[in-house]
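Novice: sequence unknown, structure follows:
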């Protein structure tokens, strides 16, 4: 029963992550908020919620210990998280929710697998080569159709695609460097520290937008609620669900979350934004997701953060 509950928690986290790009697009359309401004608010709100939660659950001391004993890793992972989501949200505005989510999320595990082989100085099996080939073919198919047949993207789809690739690279690097930290400290303490560090990194973008005359605040109660939802649900709550789920489920839980996020993003984008993916893009997305599934380890152990 506990394992089933943990699996549901990880699935819920994936669904919440998949709604992030949609909320950013809605805020941009409603209030003209830039992607980096929204990213800054998202991490700031999440940091406030996580700090309060750490205090209420008496984990604030553990969070301070993480910063005191492992400052480089904690701040580095926080900066990586900030950069990853910033690149992703800008990509969403340029190339659309569906393409940005599938490319960014699907590419990161492939890159992480390649890095592990390079570090271990091992050769991939023929199965792994086939998986990587499928992922690259999928990426090419999505690249060729980025921005076509979708109502949301701008006239610079290739720039959006490059930002999505950069987001995937950053996400992979953050996962690799955060793996050791995640295995040594309390997950809530780690999330609080890294989110707070990311919030500090992104805070200047709010001041920059304000000095440039760009909107920095929500113009209505609905938009304010969307901002709160973005910070609390798609960051603080989703990561809390992920860490809670990984305590009682196997490493395959990470695969479930990876698959649920782009699927939920694509469904919401089609229903709310009117986006649609062409047949080659759908095939490319399927190939990337199939590669992600095949690259997951078979051992029953918690996945790295």
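Specialist: That came through, no problem. Because the structure is predicted, anything quoted here is derived from the model rather than measured.
Novice: Quick check, residue 236 in contact with residue 195.
Specialist: Yes - at 7.4 Å, residue 236 counts as touching residue 195 under the criterion of CB atoms under 8 Å. Just so you know, the C-beta spots here come from the backbone N, C-alpha and C atoms, and that holds for glycine as well.
Novice: Between those two, which contacts overlap?
Specialist: Listed contacts common to residue 236 and residue 195 are 46, 50; contacts here mean CB atoms under 8 Å, 6 or more residues apart in numbering.
Novice: Go through this structure and flag its longest helix.
Specialist: If you go by DSSP state H, the chain has its longest helix at helix 157-184.
Novice: re earlier: which of residue 236 and residue 195 has more neighbours?
Specialist: residue 195 (28 against 24; other CB atoms under 10 Å).
Novice: Quick check: mean pLDDT of whichever strand or helix holds that one?
Specialist: Assigned by DSSP states H and E, residue 195 falls within helix 187-211. Average pLDDT, helix 187-211: 90.
Novice: and the angle for it with helix 157-184?
Specialist: Here helix 187-211 points in a direction 150 degrees away from that of helix 157-184 (axes from the mean of the first three to the mean of the last three CA atoms, to 10 degrees).
Novice: Counting neighbours, which bits of the longest helix of the chain end up buried?
Specialist: Using 16 or more other CB atoms under 10 Å as the test for burial, helix 157-184 gives 157, 159-176, 178-179, 181-182.
Novice: swap in stretch 101-114?
Specialist: For stretch 101-114, by 16+ other CB under 10 Å, it's 101-113.
Novice: What of stretch 193-208?
Specialist: The neighbour-count check on stretch 193-208 (16+ other CB under 10 Å) flags 193-203, 205-206 as buried.
Novice: for the stretch 201-305 of the chain, what spans make up the strands?
Specialist: Read by DSSP state E, counting those that start in this stretch, the stretch 201-305 of the chain holds no strands at all.
Novice: Show me where it has its helices.
Specialist: With DSSP state H, counting those that start in this stretch as the definition, the stretch 201-305 of the chain shows helices at residue ranges 221-231, 238-246, 252-268, 279-295.
Novice: tell me, which of these is the model least confident about?
Specialist: Out of those, helix 252-268 stands lowest, with a mean of 61 (criterion: mean pLDDT).
Novice: Now do the phi/psi pair for residue 32.
Specialist: Residue 32 has phi and psi values of phi 70, psi 20 when expressed as degrees, to the nearest 10.
Novice: I'd say residue 198 and residue 76 touch.
Specialist: No - counting by CB under 8 Å, residue 198 does not reach residue 76; the two are 10.6 Å apart.
Novice: Show me what the host helix or strand of residue 23 is packed against.
Specialist: According to DSSP H and E, residue 23 maps onto helix 20-31. Where contact means 3 or more CB pairs under 8 Å, 6 or more residues apart in numbering; DSSP states H and E, helix 20-31 is packed against helix 35-56, helix 71-95, helix 97-120, helix 221-231, helix 252-268.
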